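Colleague: For reference, the sequence and a predicted model appear below.
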Amino acid sequence: ALVNRQWYEASLDPILQTNTVFHLLTPFTSGSTVRSFGLRKSPNLVLNDMDGSSRSKEIIEKACQHLGQHLHSLSLKGSDITEGTFMAIVPHCGNLRRLDLSLCNSLFLSGNLLKKASHLQAAKKALANVQDLDLSSLRHLSDCTFNRLVTVMPHVEKLSLAGCTISYEFNPYPAGSKICASTSVLTFLNIRAYLEQQGKKLTSLNLSKTGLSGSPLGELAEVHGLAIQALNIAGNRDLTDQDVLALVKHQTSLTSLDVGMCGELTSQTVLHIQTYLPQMQYLNFAKCRHMKDLAASKFYTLPCLQYISFAECPQISSKALTAGLCVKPMTHLVSVCLAHCTLVRDEFVEMLAKAIPNLQELDLTSCLAITDKSVHAIAAFLSGLKHLSIAWCKRITDYGIVGLEKPTDEITQEEALVLQDRRGAGVGAGLHRLAGLRVLDLSMCQQLSDLGITCAMRFRELVSLKLNMCPELTDHSLVGIATNVPSLEELSVSQCHQVTDDGVTEVVKRLHRLTLLDISCNVRLTNRTLAAISKYCHCLHKLDVSLNDQMSHDALDRVQYHLPHLVSLQSRLV
C-alpha cells in the first residue's frame, strides 16, 4: 500500500480488509477522514466510549453512512448514545452480523428504545442478520427492552448478558402469565422463555457475574431444544460441583466452559466434565482455589482441548500437570495459563515445551520457582509461541533470556552475542529465537539488566512489551528496544528508576507505532520526555506519567494539545 497509488487502491479490495478494524476517536476525527472510509470498505467499526456531543453524533452518522453497507461488526461499547442517534445509525447498517451495546446505559435509561412502531420496523429491516449480540453490563435493561431487541434480531446465535442485573427469584408476573414485559426489571423467567424460543439457534451464552445460582442453572440446562456450545458462568460464586454436574449431563454439546472465580468448585467439577464432555476445547478454572492435583492429572482424556487456565489455583502441582498435559499427546492445545501457580517447577515447563511444540500462548506469571532452565526450554522447543508472560519470576536472569549458561566471570554484550551465534538452535537457545512472538511480559524480573535486554530483544513482530519494575534497566536497554523491535505498539517501563529522558526520547523517535506508553514512577524523567512525546508520538492513545515529580502540568497541557487523539492520560501526583 506504500508503493504507489495503484498499489494503494488495490490494497483497499474488500477481500484484503476482512481483519481491518476502524477505531473512531470522536470528536477528533475530521470529515475528510470519515469520507475516505467508503474507499476502505472495512467490515469492522469500533465507536467505544463516545460522548454525547453533537459533534460526536455527526461524525458517527457520517461514518455509518460511508461504511454502513460494508459493516459486519459495530461496537458502541460504553458510548453515551441516545435513542435518536442509534436510530439514525441503524438504517445504514443492513449487513451487520455483530452488535455490541455493552455499557450503553444512557441508551436504555428511559426504557423507550424501539418503542415506536416506525423504529421497530426500521430496526427489524436493518438488524435482521445480526448473529452476535452483546448486552453486557447494562444497568437499565428490562424484560420489555430485551424483548424488543431480540424481536428485531431473530437470528441471534451468540448472546452476552454478562454483568447485567438479573432477577432470578423475584417474579413480577401473575401465576400462569405468558407475557413478560416488565419495564423495570430483567427476569430469568423472561430469559428462559427466550431460550425456549431461540434454543435451536443459540450456540453461545454469557451469564457471567449475574448472580446465577444452582437452581436457575439447572432450569437453563433442561430447556427443551437448547444445545449451546459455549457457556460463560464465571464469577457466580454460589455454584457447586453438583450444579455443574446437572449442567454437563444435559448440555452435552458444550465445547467451551468458563467457570472462573466460582470459588466453591472443586476437582469433582473437572471429573464431571471429563466424563460427560470429552469433546471439550476451552476450559477456564481461574481463581477456583479448591482445585487440587486430581483436577489436572487426567486432562489427556480431553484430546480436543485447545485452551486451559488454572490461574491462581495454588494447590496444583507440577507432578499433576505433567501427568495431565505431557504424558500423552495434546496436539490441539495452543494456550496454557498457570499464572500464580506457585508449585510449578522447571521440570514441568521443560516437559511441556517438548510435549506440546505447537503451543502459542504460555502464561507463567508469578511461578516463583522457575529459573533460566524453563526459559531455555521455551526458546528451544516452542518456536511458534506468540504470547509469553514470565512476569514476577524473580529467579530468571540475563543468561536465561539470552540462552547461555551462567559463566564464572561476567561477560560483555559483544561476547554474549558471539556466544549466542555459536549456540545456534540447540537446547539453551535464547528468547530471540521466538521470531513470531507478539506479546512479552518480563515485569519484576529483577535480575535482568542491559546485557539480557539488548541481546534478547530482537523481535520483528513484537507489539507489546512490559518491563515494569526491572531496576537494572537503563537507557542502553531502551535504545536496543527502539532499534531491534520496530513493530512495538505498547511499551511499559514503570518503576525503572535508572531510565532518563535520553532513553525515552530515543524510543519515541524510532517507534512510530506506539499507541500505549507507561513511564510512570521514573523519578529521573522531566519535561524533556513530554516534549519528545508531543513531537514524535502521533499515534499515541494512552500515556501514564504518574508519580514523575519533575514533570509540570504546563508540559502535560502541551502534550494534550499536540496529541488530540490521546484518550487516556494518567498523571497522578505530577
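Modeller: Structure received.

Colleague: Surely Val248 is in contact with Pro278?
Modeller: No: Val248 is beyond contact range of Pro278, at 10.8 Å (criterion: C-beta atoms under 8 Å). The C-beta positions use only the backbone N, C-alpha and C, and glycine is treated the same way.

Colleague: Between these two, which is the more surrounded one?
Modeller: Neighbours were tallied for Val248 and for Pro278 using other C-beta atoms under 10 Å; the higher tally belongs to Val248 (20 against 13).

Colleague: Would you check how far apart the spatially closest residue to the more buried one that is not a sequence neighbour and Ala122 are?
Modeller: Nearest residue to Val248, sequence neighbours excluded (C-beta to C-beta, 6 or more residues apart in numbering): Tyr276, at 4.2 Å. For Tyr276, the distance to Ala122 (C-beta to C-beta, to the nearest Å) stands at 45 Å.

Colleague: Tell me who's in contact with Gln69.
Modeller: His92, Gly94, Asn95 (C-beta atoms under 8 Å, 6 or more residues apart in numbering).

Colleague: tell me, what's touching Val248 and Pro278 both at once?
Modeller: With C-beta under 8 Å, 6+ apart, Val248 and Pro278 have no common neighbours.

Colleague: List the contacts of the closest residue to Arg524 other than its chain neighbours.
Modeller: Closest residue to Arg524 apart from its sequence neighbours, by C-beta to C-beta, 6+ apart: Thr500 at 4.7 Å. Residues in contact with Thr500 (C-beta under 8 Å, 6+ apart) are Asp475, Arg524, Leu525.

Colleague: How about Tyr307?
Modeller: Gln281, Tyr282, Leu283, Asn284, Leu333, Val334, Ser335, Val336.

Colleague: Dig out what it forms beta bridges with.
Modeller: When bridges are called by DSSP bridges, Tyr307 pairs up with Tyr282, Ser335.

Colleague: swap in Val21?
Modeller: What pairs with Val21, by the bridge criterion (DSSP bridges), is Asn44.

Colleague: Tell me how far it lies from Ser11.
Modeller: Taking C-beta to C-beta, one finds Val21 at 16 Å from Ser11.

Colleague: thinking Val156 is in contact with Lys200, fair?
Modeller: No: the criterion here is C-beta under 8 Å, and Val156 misses it with Lys200 at 12.0 Å.

Colleague: With neighbour numbers in mind, choose between the two.
Modeller: Comparing Val156 with Lys200 by neighbour count (other C-beta under 10 Å), the higher total belongs to Val156, at 20 against 10.

Colleague: List the contacts of that one.
Modeller: Val130, Gln131, Asp132, Leu133, Val150, Gln198, Lys201, Leu202.

Colleague: residues contacting the fifth one?
Modeller: Think Val150. Val150 touches Leu133, Val156, Tyr194, Gln198, counting by C-beta under 8 Å, 6+ apart.

Colleague: mind listing which of those residues are in helices?
Modeller: Tyr194, Gln198 (DSSP state H).

Colleague: Point out the least confident one among the contacts of Val150.
Modeller: Minimum pLDDT for these is recorded at Gln198 (92).

Colleague: what about that residue, distance to Pro154?
Modeller: Gln198 is 8 Å from Pro154, by C-beta to C-beta.

Colleague: Repeat that for Gly214.
Modeller: 31 Å.

Colleague: Which of these two has more residues huddled nearby?
Modeller: Gly214 (17 against 14).

Colleague: contacting residues for the residue nearest to the more buried one when sequence neighbours are not counted?
Modeller: Excluding its sequence neighbours, the residue lying closest to Gly214 (C-beta to C-beta, 6+ apart) is Asp243, at 3.8 Å. Going by C-beta under 8 Å, 6+ apart, Asp243 touches Ser213, Gly214, Leu217, Gly218.

Colleague: my read is Asp243 is in a strand, agree?
Modeller: No: secondary structure assignment (DSSP: H, G, I helix; E, B strand; the rest coil) places Asp243 in helix, not in a strand.

Colleague: So Leu543: helix, strand or coil?
Modeller: strand.

Colleague: what bridges to it?
Modeller: Leu517, Leu569.

Colleague: contacting residues for it?
Modeller: Contacts of Leu543 by C-beta under 8 Å, 6+ apart are Leu516, Leu517, Asp518, Ile533, Cys537, Val559, Leu566, Ser568, Leu569, Gln570.

Colleague: Please apply the same query to Leu530.
Modeller: Counting by C-beta under 8 Å, 6+ apart, Leu530 has contacts Val545, Met551, Ala555, Leu556, Arg558, Val559.

Colleague: right, and out of these, which lies closest to Leu71?
Modeller: Val559 (33.5 Å; C-beta to C-beta).
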